[in-house]
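> Here's a sequence, model it:
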Amino acid sequence: MQQKYSIKALVAALALAGGLSSALADTLKVGYLPVTGHGKFFVAKEQGLFAKEGLDVELIEFQNSADGLNAIIAGKLDVGAFGTTAPVAHLSKGAKIKIIGGIMGGDAALIATPANAGKIAGIADLKGKKIATVRMASGDAVLRGALKDKGINWKTDVQIFELKNPPAVIEAVKSGQVDAGLVWGPHDLRAEDQGLKIVIHSTDLQPAHPCCRLVVTEASLKNEATWEKFVRAILKAEKFAAENKKETIESIAKYIKLDQQLLWRGYYSQYLDQSSDPNVKGVKRFADVMVNSEFITSKPDLNAAIDARIYEKALNQLARENPADPFWKKLQKEFKQKDA
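Numbering: from 1, shown residues only. Predicted structure coming up:
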């Protein structure tokens, strides 16, 4: 009881000192998808990197980007990484959100049965086909852009079925309900293990395309010190994952209940870009493709919607703290290429 009164007294003292809001600000709800590409969230949590930055992070699972981004806009999440398609589409409709970094790029693939895979040598062969995708997935927008480039109208020349998640897409392909399906990693590898074939990777269609961007609301961006800590933890997780593969896969396995060898193949796949960079130029190219393919009707003001300052500041802090470490210098060079 005495301890209870002591805690109440401490809370009251913090409130009177104006410190309660700042104390609570470092508790974050972070949304993720159960995919290898989101491994840095799991590494930062399990390896204590969030805690070392003074953050108390709760990781909350979602099954698709549309639901996750809606939770951010509704104020149910502080931050999340839910593709590039969903944030760009919401920004084009006036959503008050900001992109402050990334968690992954690439890593989507079109799958088919062996019989149908033999009939799909390229995008042009999809005309007249039934295709399953996941609503608002980045690979979905890449595919629609590639269809447009080949003169195929995705609204009339193919039938696209938007399903809830990659496992539903795999089942639709296996059962023959569709001719092909678009999934993200490691579900492309799961599909192969179940006898399906990968016929096209999304990076074949749009090389180095961004995927899951770190998104916050405009209102929460005022807490810059908190977001600097968050991005520092994500950057540290990126470095940890590059140097500690066994421990990285063990961290991921706590959130994705799949065979660890499959997770290893998925996370260290050549098709998965593990960069945390905001990638301003890549997001702008992605939005151009969405407009050109009529996925969205107008391009949002991405100069205003992407705030790369926090990432740059966090990265430069880490480089100054570790001046002999080439890892941070490499990321600084990439930042100049992708964001300047």
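> From what I see, residue 211 and residue 36 are in contact.
No. Judged on CB atoms under 8 Å, residue 211 makes no contact with residue 36 at a distance of 11.8 Å. Backbone N, C-alpha and C define where each C-beta goes, glycine included.
> Give me the more crowded residue out of the two.
residue 211 (32 against 29; other CB atoms under 10 Å).
> mind checking how far that one is from residue 202?
Residue 211 sits 8 Å away from residue 202, going by CB to CB, to the nearest Å.
> Which residues are in contact with each of these two?
106, 107, 108, 138, 139 (CB atoms under 8 Å, 6 or more residues apart in numbering).
> closest to residue 335 among those?
Among the shared contacts of residue 211 and residue 202, residue 106 lies closest to residue 335 (CB to CB), at 18.5 Å.
> That closest one - how many residues pack around it?
28.
> ok so, going back, pick the one among the shared contacts of residue 211 and residue 202 closest to residue 72.
residue 138 (16.3 Å).
> got the contact list for the closest one?
65, 83, 84, 85, 108, 184, 202, 209, 210, 211, 212, 286.
> Ok, residue 230 next?
So residue 230 contacts 28, 50, 53, 55, 79 (CB under 8 Å, 6+ apart).
> State the distance from the fourth one to residue 62.
From residue 55 over to residue 62 the distance is 20 Å, taken as CB to CB.
> Quick check: which element contains residue 28?
strand 27-32 (DSSP states H and E).
> I meant residue 236, not that one.
Here residue 236, judged by DSSP H and E, is contained in helix 224-243.
> Which residues belonging to that helix are considered buried?
Residues of helix 224-243 classed as buried: 226-241 (neighbour count, 16 or more other CB atoms under 10 Å).
> shouldn't residue 33 be in contact with residue 68?
Yes. The criterion here is CB under 8 Å, and residue 33 meets it with residue 68 at 7.0 Å.
> Mind listing the shared neighbours of these two?
62, 82.
> Looking at these two, which one has more neighbours?
Using other CB under 10 Å, the more surrounded residue of residue 33 and residue 68 is residue 33, with 28 against 25.
> For residue 166, see how far away the more buried one is.
On the measure of CB to CB, residue 33 and residue 166 end up 9 Å apart.
> Same check on residue 210?
Distance from residue 210 to residue 166, by CB to CB: 19 Å.
> so where do the helices sit in the stretch 101-250 of the chain?
Taking DSSP state H, counting those that start in this stretch as the test, the helices found in the stretch 101-250 of the chain are 114-117, 138-149, 166-174, 187-193, 202-205, 224-243, 245-253.
> Low-confidence regions, the stretch 201-340 of the chain specifically.
Filtered on pLDDT under 70, the stretch 201-340 of the chain yields no residues whatsoever.
> Just the strands from it, written as ranges.
Under the criterion DSSP state E, counting those that start in this stretch, the stretch 201-340 of the chain contains strands at 213-217, 272-273.
> Go through those strands and pick out the most buried.
Per-stretch averages of neighbours, counted by mean count of other CB atoms under 10 Å, single out strand 213-217 among the strands of the stretch 201-340 of the chain, with a mean of 25.
> No further questions, thank you.
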